[in-house]
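> after the sequence you'll find the predicted model.
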Amino acid sequence: MSRFISPSTAALKPYTPGEQPRVTQYIKLNTNESPYPPSPRVREAIDALAYEDLRLYPDPDVTGLRDAIAAARGISQERVFVGGGSDEILGYAFMAFFERGDTVVFPDVTYGFYPVHAQVCGLEVRTLPLRGDFSLEPSDYYGAPGHIVLANPNAPTGIALPPARLEDILRANPDRLIIVDEAYTDFSPQNTARPLLDLYDNLLITRTFSKAYGLAGMRIGCALGEPGLISALNCVKYAFNPYNLDRVSIAVGTAAVSDTDYLQRTVDMILATRDWFVPELEAMGFSVLPSAANFVFVRHATLKGAYIYDKLRENGILVRIFAYPERISDHLRVSIGTDGDMRRVTDILKSIVK
Ligand code: PMP
């Protein structure tokens, strides 16, 4: 460690991303990417990009992509913010809406980046335990001691909170901001909080192009909220990285969001695969949480999670295991790949559990 590192950076416990192997012989089911490529319109958009234009800075307001997202979501453009993946946007949101020493509230089992943002911003963290079945009890959040961050569907559990229950939380906390991370909501669109945006000014939704749109390699995400919230995000962005989306990302994101048929088809394929894969898992002695996302969160009745993880890895299959919190250390999170991927996983798992 350099002697110049600041004490607070030295004390930082950064987020550990899922492994990104440099070889491709793995079936990669550890970071919830899509097994399918993005829309063919994305390729056309890349081909149409003027190479000479790369010498020019991109549009800092990202107007074209924001217009396209606004049209797709039936919302005005001033309610849309875009960023380099939802991780960047969540970082901006923590900076924009919290002051050092504030409290942030989220479940004990959720996306592991929230505590990192909290630490960077010097916040107190209040984690509220999910129930024994990993469901979230909305009333736990009534009168919360700080702004709230909820992934919906939650990660890594995959369990969704119905929008009506989310509305209870919004209503019970009119002076708290509720940030709803909808990274996986394209896989269960009925759970989106989008309709609630028209009713509540304390709601900020983040979304990503990394999962259902098959664009994790690009880094594109967006936030939806009332114009004041979007202005606050812009304050941080213009204090940090005004050109946060490059020309390629803008063109690619705009093309992807326009192809709703393609999105629907790939989502349907992934859900169809999940539908046959879950009973296979259950027949092998796994308990599987009800998933509203493109992954399943599972635990075997008798075998340790780490044992299954290692065996899968030896057989060229990468899944995700979490050391913390303790109550999920025996679970595995398995992204849904193609039918072929999941048939192979099923065969290997059968040989492991027999
Ligand atoms: N939120 C959740 C719940 C996630 O699982 C992820 C993916 N790791 C993200 C946000 C970040 O996604 P991205 O930065 O690729 O948009």
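That came through fine.

> so who does P145 touch?
By C-beta atoms under 8 Å, 6 or more residues apart in numbering, the contact set of P145 is T103, V105, R126. From N, CA and C alone the C-beta is placed, and that goes for glycine too.

> err, Q20, not the other one
Shown in contact with Q20 (C-beta under 8 Å, 6+ apart): T31.

> so which strand or helix has it?
In the assignment (DSSP states H and E), Q20 maps to no helix and no strand.

> mind checking pLDDT for it?
Per-residue pLDDT puts Q20 at 78.

> assumed V82 was part of a strand.
Yes - under DSSP: H, G, I helix; E, B strand; the rest coil, V82 falls within a strand.

> how deep is it tucked in, by neighbour count?
The number of residues packed near V82 is 26, by other C-beta atoms under 10 Å.

> contact residues of the protein facing the ligand?
Residues of the chain lying near the ligand by C-beta under 6 Å from any ligand atom: G85, S86, D87, Y111, A151, A155, D181, A183, T208, S210, A216, G221.

> surely the fourth one touches P153?
No - under the criterion of C-beta atoms under 8 Å, Y111 is not in contact with P153, lying 10.8 Å apart.

> where exactly do the helices run in the stretch 1-150 of the chain?
Shown for the stretch 1-150 of the chain, the helices assigned by DSSP state H, counting those that start in this stretch span residues 7-10, 40-48, 63-73, 85-97, 113-120.

> how about those in a markdown table, adding mean pLDDT?
Below are the helices of the stretch 1-150 of the chain laid out as a markdown table (pLDDT from 0 to 100):
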| stretch | mean pLDDT |
| --- | --- |
| helix 7-10 | 90 |
| helix 40-48 | 97 |
| helix 63-73 | 97 |
| helix 85-97 | 98 |
| helix 113-120 | 97 |
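
> shaky segments in the chain?
Applying pLDDT under 70 to the chain flags the ranges 23-24.

> strands of that one, residue ranges please.
Assigned by DSSP state E, the chain shows strands spanning 27-28, 80-83, 103-107, 124-128, 147-151, 178-181, 203-208, 221-224, 286-288, 295-300, 317-318, 320-321, 332-335.

> can I get these in a markdown table with distance to F277?
Formatted as a markdown table, the strands of the chain follow (distance: least, C-beta to C-beta, whole Å):
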| stretch | distance to F277 |
| --- | --- |
| strand 27-28 | 13 |
| strand 80-83 | 32 |
| strand 103-107 | 26 |
| strand 124-128 | 31 |
| strand 147-151 | 22 |
| strand 178-181 | 25 |
| strand 203-208 | 23 |
| strand 221-224 | 27 |
| strand 286-288 | 9 |
| strand 295-300 | 7 |
| strand 317-318 | 13 |
| strand 320-321 | 16 |
| strand 332-335 | 8 |
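
> where's the nearest residue in space to R274 that is not next to it in sequence relative to Y213, distance?
Excluding the flanking residues, the one nearest R274 by C-beta to C-beta, 6 or more residues apart in numbering is I336, at 4.8 Å. Look at I336 and Y213: by C-beta to C-beta, to the nearest Å, they are 15 Å apart.

> just to revisit the earlier point, deepest-packed of the helices of the stretch 1-150 of the chain, please.
Highest mean neighbour count among these (mean count of other C-beta atoms under 10 Å): helix 85-97, with a mean of 23.
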